[in-house]
Structure formats: structure tokens, C-alpha cells
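Peer 1: please find the sequence and the predicted model below.
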Number of protein chains: 2
Amino acid sequence: MAGQVQRQTGVALWRQIADRIRQAISAGAYDETGMVPPETVLALQFGVNRHTVRSAIAALAQEGIVRAVQGRGTLIERKERLNFPITKRTRFTTGIGEQAREMRALLLSHSEEKADADVARGLKIRPGEPVVRMETVRKADGRPVSCATAWFPAARFGGMPDAYKRTESITKAFAELGLSDYVRATTEITAVHADEADTAALELAPGAILLITKAVNTDLEGVPVQYAISRFAADRVQFTIEN
Amino acid sequence: MAGQVQRQTGVALWRQIADRIRQAISAGAYDETGMVPPETVLALQFGVNRHTVRSAIAALAQEGIVRAVQGRGTLIERKERLNFPITKRTRFTTGIGEQAREMRALLLSHSEEKADADVARGLKIRPGEPVVRMETVRKADGRPVSCATAWFPAARFGGMPDAYKRTESITKAFAELGLSDYVRATTEITAVHADEADTAALELAPGAILLITKAVNTDLEGVPVQYAISRFAADRVQFTIEN
DNA sequence: TATAGTTGTCTATATCAATAAACATTTAAA
DNA sequence: TTTAAATGTTTATTGATATAGACAACTATA
């Protein structure tokens, strides 16, 4: 873990250090001991006071990633990064499903609305045409992985919210509505800092990073059936594109 | 631009606000006027003091994104986000090339070394086999877009650094070395906070986000010819995956 | 030439972030 | 039972961050 922390950047040192340790844990840097190095060692490594390191560790403990035990050291509690393959047949459940014991997909809310310019472009319909909108959260072993907003053409998939709520699966919901197969047409990926709403919904550390995908799924004739903007907790996932 | 800023997160308010404004500019939120809203309006919007907004704007001015003019307002100087398609035939120059006036690819350093476990897995060779390693920076219109570390099997592509330095293109360098075509096999995408070295190399705002790709290119027989880890300035690029 | 609207500067104060040094408490091993 | 090594607590001090209010300087427009 080379490289020093930066001062006067608007990002507190304890937060930079917390981010670095979280990343090191996720990369398996402390797998031999299962513990974070002693506070004094970290303080020396980062060139800061021990109290600053303690603030960082307190933040990681708050996230449930480590647990400090007096006299022993700081134990690593959780170490995860889910892999999410993006392919022509991208499905959440088969992509992440095998990597976690329990998968949940929750429908937070839904509504019928008119397509705005962005949605219309994604679904290749005219702006103003009716679409069904769903807000969902997906969890792996109880931990939120992503928030998503998805739109479907209302005429064809008006029953989507109901079917999704029952099946907890886009694929199964599509099947119930008569669409047995679909493919991923395009995926757009960006990264931003999480805003307040997503920080709460994804149970993130404040100021955390989101990976954002904008995806279009089509039926086998190439007609768009779903446009979705998903927001992933960047420190819990990675994407893999296989060509 | 809904949502308030968060306090006591280790990320200074002026920095959160700078990030939000930068993003809003990039999304085209102020295209009508070409100006950022007045400081008093922003202060009200974000629920902070005007001085805090001024700190944010000062940071953006430092980055060259806006320019504050007394009596007039704060003008938007630069507004960019390059699109980077990831396909079977992913090439940097054809992907980004058309979106910028001038493209440069600079070789910072290179060396011959033994493949470590990660590189060996990528190139499907045995750990310890000789590889050529190159550190490169790619720029669009003078602004750094990405830093990359690339490895090539030394036996086959020992001349890579020299060819790359002359041609400023992986594709052309491969061609010179007898490989007329290659395809992208896998791409892995993650996001992290930039460390000090990348902040400097990419001329980033401190604490900025990096999009990281780990990619393997193979020849037409499927033999790996390149393994590369690229680090992109997240607020300057987006990836598009077409299936 | 006023005037409204904007950015620039100044002073003062409160809170958060970071350092420093010393000591207490707990754990594990000698 | 010591002892070393680790985390926990306390106090004090400094610098960065944020708020508050007032006023100056500049621009565009009525």
C-alpha cells in the first residue's frame, strides 16, 4: 500500500485512510493474518498521527468491515467484491447469484408515466408514450448491492411491477408476460460520488463511489423491452465484459 | 440537482459541492446560459454559506472548468465526457479519436520483467516468464484521459516499447511486429478513489474517482498478446458496451 | 447615469480535523 | 506472574473548514 495521503484536498485524512484500508482488505492484502496492521504501524505508513488512523478504523468498524479488540488488534470481519459479468445474456441472478448465499430483489415503488427524452431514446419510442417505471433494490446476503430505476413500454409490460414483486426476477417476470428470452443491447458505464439518497439506500459510507450502468435490453427481434439505470456500490462489485 | 450535501463525512462541503457542480456541467445542466448559477443561488440550493460555494468554485476554476468574472458571473470554460466503446475490436484511437481534435499516446517508461501471478493469469503464461512492461499516458486535446500499465510476452513483442513510442498506437505497433489484427477477450471494470500518483499523472482534482479496466487482448487464435490495467479519470470518460 | 445583480474582500466566530504526549486497559505469550 | 504489544481514554493545542455579516468593485441594462 504505497503512496502517502494528501492534505488540504477537502477529503479528510481519516477518510482517505479508511478508503485505502478498505481497498487493501478487498484486495486481500491482509489475508495471512486476517487482521489490519497495528495502529502505530499504519500511522507510520501513512505519515499521520495514531488518532487519525483510529478515526479511519472507527469508520470501517461502523461499516462492519473490521472489529477492533483491545489488546489483540483489529480483526477483518467482511471482505467482499461481487463479480458481475456483462454479456449478451446479462442477468442479475445468474451473474451474482452463485457468489452469495441469499439473493433478494425488492420493488420499492412503481408508477406509470410518460417517457422523457432519455427513456424514449433508450426504448426507441416517442417521448410522451406511456412507460412503466420501477425502483428496485437488489441485495446479496442482506447487503444492498445496487439500486435500479427501470422503464418498460407500458402497452406490452403493464403487469411488470406485479410480476417482479412476486418473482423477484426480471427474467421470470418477462417470462410470465410472454417474453421468454431477451438480450442486452447496450451498456453504458460511468462512476460518480453517491448522493444522499443512494448512500442511504445502499447503506454506504458517506462520499462513497457508485458505478452507474445505463442498459438497454431487447427482445430477439431487437425491439427494446427494458431501459434501466442501475447504481452499484463500487466497493462491493466489479464488472466483467467477455467478448 | 436535488439532494443536499452531507456533513461530518470526512469530505468537506466545498468539495462535495465542487463535485456536484462539475457533474452538472458535464451533464449539460447549464447549457442554456453557459454559466453556473450565482453564488447566492447555489448557496441556497445546497443549504450552505455563500463562502462555502465560493471555495467550491475556486477549486473548479483551478481545474480550468469555470472562470469567475466579477460583476458578470461564473462562466463555463470546459465541458467534457469522452465516450469509450468497449467491443471485440476495442481500440483507443478509433474509440476516442473522433471526439477530440488531438490525440497523444505517450510512453512514460518501460522495462523487461518476470510475470507475476496476476500478469501470468492474464497472458496465460507461467509466472516468471519474461514480459515487457510499459507505462503510458493517453491525452485528448492535451488533457490526460488515462494512465495504463501494459504487459506483453517478451519473446514475441520485445520491440513493443520502441514501436509504440514511434507510432503512438498499440494497433500500429502490433502491426509493425507482425500482428495485423487482435481482439479484446475480457474487460474487467472497477472504480476507486485516485491515489497520489494517478492524481498527479492525470491532473485530477484531489480525491477524484478512477475507472479501472483490466483488459486482455488476444490474437485471432485466442493467444493473449496484451494484458493491460488502465486507469481513467471517471469525470472525463464513460464506457459503452455494445453486444 | 442610476440601479440591480454579480463576484471580490474583510473580520469575527464556531466547529471539525489533526497532532502531541501521557497513561489506562486488555490480550497473549514468555 | 511478568511483560510486551495492542487498543482505549484523556487533555491540550493548532490548523482547516464553515458560518455570519458587511461592504467594495465590477458588469450590464434600464
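Peer 2: Received, thanks.

Peer 1: how far away is the residue nearest to A:Gly10 when sequence neighbours are not counted from B:Thr52?
Peer 2: In space, A:Gly10 comes closest to B:Arg15 once its chain neighbours are excluded; the distance is 3.0 Å by Cβ to Cβ, 6 or more residues apart in numbering or on different chains. Where C-beta positions appear, they are placed from N, C-alpha and C, glycine not excepted. Distance of B:Arg15 to B:Thr52, computed by Cβ to Cβ, to the nearest Å: 10 Å.

Peer 1: re earlier: isn't the residue nearest to A:Gly10 up against A:Gln8?
Peer 2: No: assessed by Cβ atoms under 8 Å, B:Arg15 is found out of contact with A:Gln8, at 10.6 Å.

Peer 1: higher neighbour count, those two?
Peer 2: B:Arg15 (22 against 8; other Cβ atoms under 10 Å in any protein chain shown).

Peer 1: so what's that one up against?
Peer 2: By Cβ atoms under 8 Å, 6 or more residues apart in numbering or on different chains, the residues touching B:Arg15 are A:Thr9, A:Gly10, A:Val11, B:Ala56, B:Ala59, B:Gly207.

Peer 1: a markdown table please, covering the residues you listed and showing neighbour count.
Peer 2: What follows is these, written out as a markdown table (neighbours: other Cβ atoms under 10 Å in any protein chain shown):
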| residue | neighbour count |
| --- | --- |
| A:Thr9 | 19 |
| A:Gly10 | 21 |
| A:Val11 | 24 |
| B:Ala56 | 28 |
| B:Ala59 | 23 |
| B:Gly207 | 23 |
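
Peer 1: any idea which element the residue of chain A most remote from its centre lies in?
Peer 2: Within chain A, the residue lying farthest from the chain centre (Cα atoms, centre = their mean) is A:Gly71, at 35.5 Å. For A:Gly71, there is no helix or strand it lies in under DSSP states H and E.

Peer 1: tell me the phi and psi of it?
Peer 2: phi 90, psi -30 (degrees, to the nearest 10).

Peer 1: separation between it and DNA strand D?
Peer 2: 5 Å (Cβ to the nearest atom of the strand, to the nearest Å).

Peer 1: now do the end-to-end distance for stretch A:209-227.
Peer 2: Length of stretch A:209-227, first residue to last, Cα to Cα, to the nearest Å: 23 Å.

Peer 1: any residue of it touching chain B?
Peer 2: Yes: Stretch A:209-227 reaches chain B (Cβ under 8 Å from any Cβ of the partner chain) through A:Ile209, A:Leu210, A:Leu211.

Peer 1: highest neighbour count among those?
Peer 2: A:Leu211 (26 neighbours).

Peer 1: wait, A:Ala215 sits on A:Thr186?
Peer 2: Yes: assessed by Cβ under 8 Å, A:Ala215 is found in contact with A:Thr186 at 6.8 Å.

Peer 1: look up how far DNA strand C lies from the residue nearest to A:Gly10.
Peer 2: 11 Å.

Peer 1: tell me which of A:Ala215 and A:Thr186 has more neighbours.
Peer 2: Set side by side, A:Ala215 and A:Thr186 show more neighbours around A:Ala215, with 22 against 18, by other Cβ under 10 Å.

Peer 1: how about the nearest residue to that one, chain neighbours excluded?
Peer 2: A:Thr187 (4.7 Å).

Peer 1: which residues does the one you found bridge with?
Peer 2: A:Ala215, B:Ile241 (DSSP bridges).

Peer 1: tell me the phi and psi of the residue nearest to A:Gly10?
Peer 2: With angles defined as degrees, to the nearest 10, B:Arg15 sits at phi -70, psi -40.

Peer 1: try A:Val192
Peer 2: Torsion angles, degrees, to the nearest 10, at A:Val192: phi -140, psi 170.

Peer 1: hmm, it is touching A:Thr199, no?
Peer 2: No: A:Val192 is beyond contact range of A:Thr199, at 12.0 Å (criterion: Cβ under 8 Å).

Peer 1: any idea how chain A splits into domains?
Peer 2: Here the domain parsing of chain A from automatic domain parsing is A:13-76, A:82-241.

Peer 1: could you dump the ones you listed into CSV with mean pLDDT added?
Peer 2: Shown next, in CSV, are those (pLDDT from 0 to 100):
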stretch, mean pLDDT
domain A:13-76, 89
domain A:82-241, 87
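
Peer 1: so A:Lys79 is in contact with A:Ala29, correct?
Peer 2: No: between A:Lys79 and A:Ala29 there is no contact under Cβ under 8 Å: 10.0 Å.

Peer 1: quick one: the helices in chain A?
Peer 2: A:13-26, A:39-46, A:50-62, A:92-96, A:117-123, A:154-157, A:160-167, A:170-176, A:196-201 (DSSP state H).

Peer 1: for A:Ile241, what are its contacts?
Peer 2: A:Ile241 touches A:Pro85, A:Ile86, A:Thr87, B:Ile86, B:Thr186, B:Thr187, B:Glu188, B:Ile189, B:Ile241, counting by Cβ under 8 Å, 6+ apart.

Peer 1: residue numbers of chain A in contact with DNA strand D?
Peer 2: A:7-10, A:36, A:38-40, A:51, A:54, A:57, A:68-74 (Cβ under 7 Å from any atom of the strand).
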